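J.: my questions concern the predicted model and sequence given below.
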Amino acid sequence: MQLTINPIAGQGFGAVVQGIRLNQLQDAQFAEIKSAFLKFAFLVFPGQFLTDQENIEFGERFGKLEFGALPIANQTKHEDGSYSEVISVKTRRMRTNIGNETWHTDSTYWPVSSKCAMLSAVAVPAQGGETELADMRAGYAALDASSQRQVAGLSAYHSTQFSQANDLGDFPEQQEGTIYHGEAYLRPLVKTHPETGIKSLFIGRHAFAIPGLERHESRALLKSLVDFVVSEPSRVYTHKWQVGDTLVWDNRALLHRARPYDYSLPRVMTATRIAGDASELAYYPEDSRAAAGRLALATELAILQQEAKGKVFARSTTT
Ligand code: OGA
Ligand code: MN
């Protein structure tokens, strides 16, 4: 078998890797994969059919895990590896999965955002349920000089209490230790990749309340930046899943989202998320800087609560 890495045709990013078994990976092969990963920002490995343990072991090659081999699924996995019936779209778990359908980068709502993430397809619907990726490096590079200057000094808070409320009209109970922990983490809009040195726009659905801007200006700017990046087809890749595929993407360079599907049909992904390094740390909740984030989030949620009354959210709403 010969390892081949083929850039995806018509896209400015991404590659398909073949001629390799990820469960029998040699260090020299991983070195090739790692450098392709940094260059292309995501890699597709068709036909791998990795077990949970193999997903974890491949993920650990990239760094310390945030979590390993968790189902991102509309079915519950039993101890014996079998799956339950499809769960209701009204469950907290499905609300979180549906939240993934808006452009985001992973774990920016934690003190340390994620380095990269992997999904392996276990069950996929025949239609819909794709995963899309957007190249934020190319997006940043394509901004005109005055827009680059405008975003250079700006930061935004990140919270998934914000994004669930803003995108779905959901206000899950705030609770320490969960992703709904009441903190919001301030991160620059422009990220310099710690390994490649390439700049990208670091935004997405969890981002809100740019300090120094009015709320409407902040919302408009964040929306216009994402809209601009995804308006160019070469900056967006749609992955149509086949069972057995593994996909790994760089959370420091791309946005991603799931696409809707018929939620009564099984969609089961095995997800592994790799933790960020020092450059992905905003601050910890104990830090004096955290107070401003808590206040920004509480203020924003109060406004969203008011606005949500009588508002009809898109297809993803529970009602
Ligand atoms: C995720 C995610 C997308 C998908 O697991 O973080 O965004 O297509 N998933 O399920
Ligand atoms: Mn995600």
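T.: Everything's here; your move. Note that this is a predicted model, so its numbers are computed, not measured. Ligands and ions are numbered 1, 2, ... in the order given.

J.: and residue 5, that one's in a strand?
T.: Yes: assignment of residue 5 by DSSP: H, G, I helix; E, B strand; the rest coil places it within a strand.

J.: show me what contacts the closest residue to ligand 1 within the stretch 201-319 of the chain?
T.: For the stretch 201-319 of the chain and ligand 1, the shortest gap (Cβ to the nearest ligand atom) falls at residue 258, measuring 3.1 Å. Backbone N, C-alpha and C define where each C-beta goes, glycine included. Residues in contact with residue 258 (Cβ atoms under 8 Å, 6 or more residues apart in numbering) are 97, 100-101, 129-132.

J.: what do you get if the cut-off is 10 Å, keeping everything else the same?
T.: Shown in contact with residue 258 (Cβ atoms under 10 Å, 6 or more residues apart in numbering): 72, 97-102, 104, 119, 128-132, 267, 269.

J.: restrict those residues to contacts with ligand 1.
T.: By Cβ under 6 Å from any ligand atom, the members of those lying near ligand 1 are 72, 100, 131, 269.

J.: near ligand 1, which residues of the chain?
T.: By Cβ under 6 Å from any ligand atom, the residues of the chain that approach ligand 1 are 72, 100, 106, 117, 131, 256, 258, 269, 271.

J.: now with 5 Å?
T.: Residues of the chain lying close to ligand 1 (Cβ under 5 Å from any ligand atom) are 72, 100, 131, 258, 271.

J.: circling back to that earlier point, taking the contacts of residue 258 one by one, which sit in helices?
T.: Among the contacts of residue 258, the ones falling in helices (DSSP state H) are 97-99.

J.: all helices for the stretch 1-150 of the chain, in order.
T.: In the stretch 1-150 of the chain, the helices defined using DSSP state H, counting those that start in this stretch lie at 27-40, 52-62, 92-99, 136-142, 145-152.

J.: residue 148: neighbouring residues, count only.
T.: 15 (other Cβ atoms under 10 Å).

J.: list the residues that contact it.
T.: Here residue 148 is in contact with 140-142, 190, 199, 201 (Cβ under 10 Å, 6+ apart).

J.: ok, and the most crowded of the ones next to ligand 1 among the contacts of residue 258?
T.: residue 269 (23 neighbours).

J.: residue contacts, it?
T.: Contacts of residue 269 (Cβ under 10 Å, 6+ apart): 70-73, 97, 100, 118-124, 129, 131, 241, 245, 247, 258.

J.: got a quick PyMOL command for the buried subset of those residues?
T.: In PyMOL, a selection of the buried entries from the contacts of residue 269 looks like this (16 or more other Cβ atoms under 10 Å):
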select buried, resi 71+72+73+97+100+118+119+120+121+122+123+124+129+131+241+245+247+258
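
J.: in strands only, show me the contacts of residue 269.
T.: Among the contacts of residue 269, the members found in strands (DSSP state E) are 70-73, 118-123, 131, 247, 258.

J.: shaky segments in the stretch 201-319 of the chain?
T.: Scanning the stretch 201-319 of the chain with the threshold set as pLDDT under 70 gives 314-319.

J.: do a quick rundown of the strands in it.
T.: 207-208, 236-239, 246-250, 254-258, 268-275 (DSSP state E, counting those that start in this stretch).

J.: so which of those comes closest to residue 307?
T.: Closest approach to residue 307 among the strands of the stretch 201-319 of the chain is made by strand 207-208 (13.1 Å; Cβ to Cβ).

J.: on contacts alone, who are the packing partners of the closest one?
T.: Judged by 3 or more Cβ pairs under 10 Å, 6 or more residues apart in numbering; DSSP states H and E, strand 207-208 is in contact with strand 155-158, helix 160-168, helix 215-230, helix 290-308.

J.: mind running it again at 7 Å?
T.: strand 155-158 (3 or more Cβ pairs under 7 Å, 6 or more residues apart in numbering; DSSP states H and E).

J.: could you find the closest non-adjacent residue to the residue in the stretch 101-250 of the chain that ligand 1 sits nearest to?
T.: Distances between the stretch 101-250 of the chain and ligand 1 by Cβ to the nearest ligand atom are smallest at residue 131, namely 3.6 Å. Leaving aside its sequence neighbours, residue 131 sits nearest to residue 239 (Cβ to Cβ, 6 or more residues apart in numbering; 4.8 Å).

J.: cool, thanks, signing off.
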